[in-house]
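Peer 1: Need coordinates for the below:
(one chain, ligands or ions: 1)
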Amino acid sequence: MTKFVISGGTPLTGEVSIGGMKNAALAIIPATLLCKGVCRIENVPKINDVTIMLGMIEKLGAKVRLVDDCVVEIDPTGVTGDAVPPYDMMRSIRASYYLLGAMLGRFGTAKVALPGGCNIGVRAIDQHVKGFEALGANVEVKNGFVFADSPVGLSASHIYLDIASVGATINIILAAALTPGLTIIESAAKEPHIVDVANFLNSMGADIMGAGTDVIKIRGVETLAGGTYSIIPDQIEAGTYIAAIAATGGNALIKNIIPKHLECMTAKFSEMGVEFEEFDDAIRVSANGRFKKTNIKTLPYPGFPTDMQPQAVVLLCLSDGTSIVTESIFDNRFRYVTELSRMGANISVDGRVAVVEGVPKLTGAPIKALDLRAGAALVVAALAANGISEIEDIHHIERGYEMLVEKLRGLGANIARVSTPDAEELPKVL
Ligand code: EPU
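Peer 2: This is a model prediction of the structure:
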């Protein structure tokens, strides 16, 4: 078993550099399947979900070459549309659903396992299916797979999403990029990585307008070339470091960010009493004393991101009063509360609403990461707590945070990644 052992209480100082955005990389890598030339993708985060996505496109026939730590070259010319990656590989991450849009758009047919990913509630794909069907595909969910097929080719359409779904918006863009005519997505999601995917495709020759607004227009082009593209910095990784620096009463510089993308978070953290100094591509974070009680409601971008809700709750645990946190995106994203309670947090949950009573201090405890952001929140809590915490099931965390131990150590944190024999391997004590 591998776990993080963290001795908390040290204020984080110094500087940390943010990597490429996980959720942009997980869409741009499958988007390369739409291209006819080699794509060189830069600022790719070194995380397990990206490794799995690269493995899946290799199984589909793409050639993947790691040029260096954060640069990958993808040659999709060997992809034919016949291959199917292993079922367990596809179901291990959420973003495998992007193979549907990419393969359908390129070859008119796709077979992909129903996606997995974090257990944070029901994660339907009906809006993806609605989009593909509007473009003329037949879609069927059978035996754990989604089959999409368009025997006569896709045709442009006007699609009204019922939910501003990030995944459905990107999937429809992927399917429509090579589809003749003008496809319009209304009520589209507006997250920065949707803009990044559109920018990537446009740089390869696509004609996509309006990404970042709720109406996106995609004029299908005949072909997409290869080229070089650099992924935007990860706003959620940056937000997690904001929470960690603030929770420890630290003062540190977060580099390689787009300040505009952080405003949806910094606005709320400022209400809590965290201080910021903004630069062109960096932000200084500092905090001391107790945080102010603050209500939070997660919303689609530019609202407060659901992916930062657990980390923000840690600061509210250390605040001077009672805060109400409403999760409006996912229906089961408070499971981590039981773990925070082991550290002395005082939180009650009713459905999608949590009531957080601030306490003066958290204390170290043995705890478990239950999903990616829940795990990140436990790391933040452990860094702030008095004493030692041991966090199990860190594979959830390593799906989405690159070089977490190295980066936190660079900020002065006392954290180690420790491997111990599994229970069954432990010598029996007679
Ligand atoms: N929804 C539907 N039907 C659909 C699609 C979504 O009902 O067809 C519902 C979902 O059940 C959910 C809400 O709409 O309640 C939002 O889902 P959305 O499609 O926007 O999210 P997603 O594509 O499943 C991506 C990120 C998540 C992030 C959300 C929201 C990836 C791979 N995942 O998920 O990232 O929380 O958008 O911003 O891009 C994470 O990084 O920790 C993470 C969970």
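Peer 1: contacts and neighbour counts: CA atoms only from here.
Peer 2: Fine.
Peer 1: which residues in the protein form helices?
Peer 2: Using DSSP state H, the helices assigned to the chain run over residues 22-31, 48-59, 87-91, 98-107, 126-134, 166-176, 192-203, 235-247, 259-272, 309-317, 337-342, 372-384, 395-398, 404-410.
Peer 1: Can you flag the weakest of those by average pLDDT?
Peer 2: Mean pLDDT per stretch puts helix 87-91 lowest among the helices of the chain, at a mean of 91.
Peer 1: Give me the buried positions along that one.
Peer 2: Of the residues in helix 87-91, M89, M90, R91 count as buried by neighbour count, 16 or more other CA atoms under 10 Å.
Peer 1: Contacts for that helix, please.
Peer 2: By CA atoms under 8 Å, 6 or more residues apart in numbering, the list of residues contacting helix 87-91 from outside reads I52, M56, S96, V112, A113, L114, P115, G116, G117.
Peer 1: So what's the residue count around the residue nearest to the second one when sequence neighbours are not counted?
Peer 2: Right, the one you point to is M56. Sequence neighbours aside, P85 is the residue nearest to M56 in space, at 5.6 Å (criterion: CA to CA, 6 or more residues apart in numbering). Counted with other CA atoms under 10 Å, the burial measure for P85 works out to 18 neighbours.
Peer 1: thinking P85 is in contact with G61, fair?
Peer 2: No: using CA atoms under 8 Å as the test, P85 is too far from G61 to be in contact (9.7 Å).
Peer 1: Within range of the ligand, give me the residues from the stretch 1-150 of the chain.
Peer 2: Proximity of the stretch 1-150 of the chain to the ligand (CA under 6 Å from any ligand atom) is limited to residues N23, R94, A95, V122, R123, A124, I125, D126, Q127, H128.
Peer 1: measure stretch 323-339 end to end?
Peer 2: For stretch 323-339, the separation between the terminal residues is 19 Å (CA to CA, to the nearest Å).
Peer 1: quick check, that stretch touching the ligand?
Peer 2: Yes: for stretch 323-339 and the ligand, the contact criterion (CA under 6 Å from any ligand atom) is met by I329, F330.
Peer 1: Distance check, the closest residue to the ligand within the stretch 251-400 of the chain against N23.
Peer 2: Each residue of the stretch 251-400 of the chain has a distance to the ligand, by CA to the nearest ligand atom, and the smallest belongs to F330, at 4.3 Å. F330 is 17 Å from N23, where distance means CA to CA.
Peer 1: and those two? which has more neighbours close in?
Peer 2: N23 (21 against 15).
Peer 1: looking at it, the more buried one is touching E191, isn't it?
Peer 2: No: taking contact to mean CA under 8 Å, the distance of 10.1 Å between N23 and E191 leaves them out of contact.
Peer 1: so what's in contact with those two at the same time?
Peer 2: Common neighbours of N23 and E191, counting by CA under 8 Å, 6+ apart, are absent.
Peer 1: separation between G249 and the ligand?
Peer 2: Taking CA to the nearest ligand atom, to the nearest Å as the criterion, G249 is separated from the ligand by 25 Å.
Peer 1: In terms of pLDDT, where does that residue sit?
Peer 2: 98.
Peer 1: And A423, by the same measure?
Peer 2: 54.
Peer 1: and if you look at K36?
Peer 2: The model's pLDDT for K36 equals 95.
Peer 1: what's near enough to touch the nearest residue to it once chain neighbours are set aside?
Peer 2: Leaving aside its chain neighbours, K36 sits nearest to A225 (5.2 Å; criterion: CA to CA, 6+ apart). Taking CA under 8 Å, 6+ apart as the contact definition, A225 lies against C35, K36, G37, V38, M204, G205.
Peer 1: For the residues you listed, work out which two are farthest apart.
Peer 2: Comparing every pair within the contacts of A225 by CA to CA identifies V38 and G205 as the most remote, at 13.4 Å.
Peer 1: you'd agree V141 is up against F147?
Peer 2: Yes: with contact defined as CA under 8 Å, V141 and F147 form a contacting pair (6.2 Å).
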